[in-house]
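Peer 1: Sharing a model prediction with you, sequence too.
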Amino acid sequence: MSATTATTPPVEGFASGLRSFGSRHSGWVPVIAAVAIFLAMLLAGQLYFGTFVSPRLLSSLFLDNAYLLILAVGMTFVILTGGIDLSVGSVMAFTGILGARLLHDGIPVAVVIPIMIVSGAVIGSMTGVLVQVFDVQPFIASLAAMFLARGLSFVVSLEAIQVSNPVFAWIQSARFKAPGGWYITPSVILSLVAVGVALWVLSRTRFGRTVYAVGGNEQSARLMGLPVARAKFLVYVISGMCAGIAGVVFTAYTGAGYSLNGIGTELDTIAAVVIGGTLLSGGSGYVLGSLFGVLVYGLIKVAISFMGADTAWMRIIIGILLLVFVVVQRLIVTRTRRR
Amino acid sequence: MKLKKIITHRLALPIGALLALVLLNTIARPSFLSITVRDGQLYGSIVDILRNSSPLMLVSLGMMIVIATRGIDLSVGALMAVSGAVSLTIIKASPRPDDLGVLAVAIVAGVLTTLFLGVWNGFLVSVLGIQPIIATLVLMLAGRGIALLITQGYITTINSVPYQFMAQGYVFGMPFAFLVAVAVIVIVALVERRTALGMLTEAVGINPTASRIAGVRSRGIIWGAYAASGLLAGMAGVLYSSNIMAADANAAGLNIEVDAILAVVLGGTLLTGGRFTIAGTVIGVYTIQTLTSTITFLGVPPAVTPVFKAAVIVIVCLAQSARVRSWFRSRRSQRTQTPTSTPAPVGDSEQTPALVGAGEGKAR
């Protein structure tokens, strides 16, 4: 697969370097397609509505989807190993309501936020143990985690708990303004930092290489002596941790913790990652792609609300777009294999 | 020897789980097992479970066939919403909602729509080679949108006595919905087990490449599995809408795909495809339904239900996991044989990945 070829040491010579560049290129094609669709949608919106593209719109696009972006970063790790994590939405809800409850009980925010992130990581590690140690399919293992987190959030509280903590308010509403109407909030910065860290980990560390190698071919990765078990376990911890951070951001975004938050968010996340060009079979994909997948996803929502159309269309368009991307990816993969 | 045979039987776990649940219910509520006859019709908790489980039964049987081909069908809940929406919209538009002809047209139209959508799923999976999770995710996301478009965003309600009969009527003293489920079980069993289809399905699930080389038309079999799943989901949607006499595009069949997958897995069919067991799935469905009604009865707030489900999934998965099984087996052989046998290396390595991983996680 495309990205695993990048693990070959650079000493192999110019010819293989060229060849690996060629196949790496094919891995970027879906990402480029996602970027192209994003730009095309902006252009179409501008032509259709007249005043569509504005710094305000783009800034709020990032702000409204910061939590989704963080979830997508974690999901990218999991999907790159060929797994899937269905628990992210309910883990986000659980950490959110847990944090809201703790704040309500008077625990300082400097303790609450780490607790939220760690509790996400703990649920993620449960999935990881089930997947790696007990060989349970990721789908089922994360399904169990999804139910567990959803149930636990109901245990914490059935009703929404308002969060009026100044730190949470700051995360959401502090605006660093730039001329022309651009602005950025701490939550957006947090999500972009997550993208940056993931980018670095996946492309510059041994762990990142192992993640790609496991997704490309688990058996060969194992035979190469790579720490497969560790990587497969860790990606779920990372995804859980991201869900915990997303819990912080989402709680700040809505101003409350609520146990029914994030139902179906796991599917939005998976859809965004797939639209961003990451192959569900694992081994190929980029965090930058997921970033654009989230942006495309967010832009569809904005466009639908601009048109004042039914939410029914929202679901249908997301479904169609997902389909188009998957079919395109499928064609690319078959062509690469034939070569 | 005989006891061992019973314990190691494939259906031992699902039947044991169901019996344990029934026992728990009977202790908590002695009237659980009692069935009363009123006007020649059966009433009681068990009868309720049998009747209410019908939509889940239909969906799970379809899901089982799909899982046997190494697939999964996430769209069943959305398809239920679509068939309910189509049927009820036709009945609502008709001036005579009690007319049997109108009902027949409505039901056939609803079921044919989901059959078509199932064929579409099958096309994506078998012809285009898209992974089942994603291929069916498309309709899972879009399906409810389609249902919302059909009902124009409203909850369509109707008044039709014969339509209501399907979910709430009785035939020969038995709930009609239960009889429908039984009929479908029998048909599925006949088609899968009295013809070669079941064997071919398992062959495709165990090794798609080998079975194709051996001359099995795997494409057609996979395609058919998704079509069957769509058809059965459509029937389930009609039953569901007849129970509440409304088509609710958002709530119909919500999360039923999860329950169906659980029922199939609980019954002993592996998610990795291959061998499937119809009896196991039937037992799995009744276990899930009994669990749901137990939770309601025990006064557990329904909100906490997910925790119970999570526990059930984890226990079942662990019981099915090869590592735990081999661990038990090696423990048993240790006890029966001489102590020279190696002290279960599996048990040791069991902890290492997690510990190593956790340590590394902190280091990073």
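Peer 2: Perfect, thanks for sending it. Numbers count the residues shown, from 1 in each chain, chains lettered A, B, ... in the order given.
Peer 1: what's the helix or strand hosting A:Ala229 packed up against?
Peer 2: Following DSSP states H and E, one finds A:Ala229 within helix A:228-254. The elements that helix A:228-254 packs onto, with contact taken as 3 or more C-beta pairs under 8 Å, 6 or more residues apart in numbering or on different chains; DSSP states H and E, are helix A:66-80, helix A:88-104, helix A:109-132, helix A:166-173, helix A:186-204, helix A:206-216, helix A:218-223, helix B:352-363. Bear in mind the C-beta positions are built from the backbone N, C-alpha and C, glycine included.
Peer 1: could you give the mean pLDDT of the last one?
Peer 2: Mean pLDDT, taken over the full extent of helix B:352-363, equals 36.
Peer 1: next one: the longest one
Peer 2: Looking at helix A:109-132 alone, the average pLDDT works out to 93.
Peer 1: and what of the fourth one?
Peer 2: The average pLDDT for helix A:166-173 rounds to 84.
Peer 1: cool, the fifth one as well?
Peer 2: Averaging pLDDT along helix A:186-204 gives 93.
Peer 1: that older thread, quick one: the helix holding A:Ala229 to helix A:166-173, angle?
Peer 2: For helix A:228-254 against helix A:166-173, the angle between stretch directions is 90 degrees (axes from the mean of the first three to the mean of the last three C-alpha atoms, to 10 degrees).
Peer 1: in helix A:228-254, what counts as buried?
Peer 2: For helix A:228-254, a neighbour-count test (16 or more other C-beta atoms under 10 Å in any protein chain shown) marks A:228-254 as buried.
Peer 1: Packed most tightly, which of the helices and strands packed on helix A:228-254 would that be?
Peer 2: For the helices and strands packed on helix A:228-254, the stretch with the most neighbours on average is helix A:66-80, a mean of 30; neighbours defined as mean count of other C-beta atoms under 10 Å in any protein chain shown.
Peer 1: what distance separates that helix from the centre of its chain?
Peer 2: In terms of C-alpha atoms, centre = their mean, to the nearest Å, the centre of helix A:66-80 is found 2 Å from the chain centre.
Peer 1: tell me which strands and helices it is in contact with?
Peer 2: Contact analysis of helix A:66-80 by 3+ C-beta pairs under 8 Å, 6+ apart lists helix A:88-104, helix A:186-204, helix A:206-216, helix A:228-254, helix A:265-275, helix A:287-307 as its packing neighbours.
Peer 1: Near chain B, which residues of the stretch 151-300 of chain A are found?
Peer 2: Selection of the stretch 151-300 of chain A residues close to chain B by C-beta under 8 Å from any C-beta of the partner chain yields A:151-152, A:154-155, A:158, A:207, A:227, A:229-230, A:233-234, A:237, A:259, A:267, A:270-271, A:274, A:280-281.
Peer 1: ok, back up a step: nearest to A:Lys301, out of the helices and strands packed on helix A:228-254?
Peer 2: Proximity of those to A:Lys301 was assessed by C-beta to C-beta; the nearest stretch is helix A:66-80, lying at 10.1 Å.
Peer 1: Would you state the strands of the stretch 251-364 of chain B in chain order?
Peer 2: According to DSSP state E, counting those that start in this stretch, the stretch 251-364 of chain B carries no segments that qualify as strands.
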